[in-house]
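Colleague: Would you be able to build a 3D model of this:
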Amino acid sequence: MINLLLNILASALFSYYFIEMGRFPLKWKLNFKPFNCLVCLPAWVALALYMLPIEATEIIIVMFASAILAVLFKTLMNKAYESGSH
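Modeller: The predicted model follows:
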């Protein structure tokens with residue numbers, strides 16, 4: 001059961017980074033479904049991860065969660081700095 005939840009998390013993190021942060025569908029001329037669809041792509045990624053060993057899912061979670069959290073942390077720190085300097 002935990003593997004399924006990790007699979008869902010990994011596919012969501014990968015897809016968000018791939019579409020929203022990296023903008024790879026535009027850069028790679030893949031601007032069509034499922035590559036540009038934040039609803040479609042996680043489903044296909046989850047299916048692929050389901051077929052792979054759990055280590056692949058864990059690697060994706062670590063890589064993309066850290067990238068997304070770094071951007072969120074930077075934004076939070078910038079907002080805190082801006083609100084403190086006024």
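Colleague: tell me which element the spatially most central residue of the chain is part of?
Modeller: Nearest to the mean C-alpha position of the chain, by CA atoms, centre = their mean, lies L13 at 2.5 Å. According to DSSP states H and E, L13 maps onto helix 2-16.
Colleague: Counting neighbours, which bits of that helix end up buried?
Modeller: Neighbour-count burial for helix 2-16, counted by 16 or more other CB atoms under 10 Å, picks out 6-7, 9-16. For every residue, glycine as well, the C-beta is placed using N, CA and C.
Colleague: mind exporting that helix as PDB, just the C-alpha atoms?
Modeller: The C-alpha coordinates for helix 2-16 follow below in PDB (Å, rounded to 0.1, in the frame of the first residue of the first chain):
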ATOM      1  CA  ILE A   2       2.800   2.400   0.900                       C
ATOM      2  CA  ASN A   3       4.400   1.700  -2.500                       C
ATOM      3  CA  LEU A   4       1.200   2.900  -4.300                       C
ATOM      4  CA  LEU A   5       1.200   6.100  -2.300                       C
ATOM      5  CA  LEU A   6       4.800   6.700  -3.100                       C
ATOM      6  CA  ASN A   7       4.100   6.000  -6.800                       C
ATOM      7  CA  ILE A   8       1.300   8.700  -6.700                       C
ATOM      8  CA  LEU A   9       3.500  11.200  -5.000                       C
ATOM      9  CA  ALA A  10       6.400  10.600  -7.400                       C
ATOM     10  CA  SER A  11       4.200  10.900 -10.500                       C
ATOM     11  CA  ALA A  12       2.700  14.100  -9.300                       C
ATOM     12  CA  LEU A  13       6.100  15.700  -8.300                       C
ATOM     13  CA  PHE A  14       7.700  14.700 -11.600                       C
ATOM     14  CA  SER A  15       4.800  15.900 -13.700                       C
ATOM     15  CA  TYR A  16       4.600  19.300 -11.900                       C
END
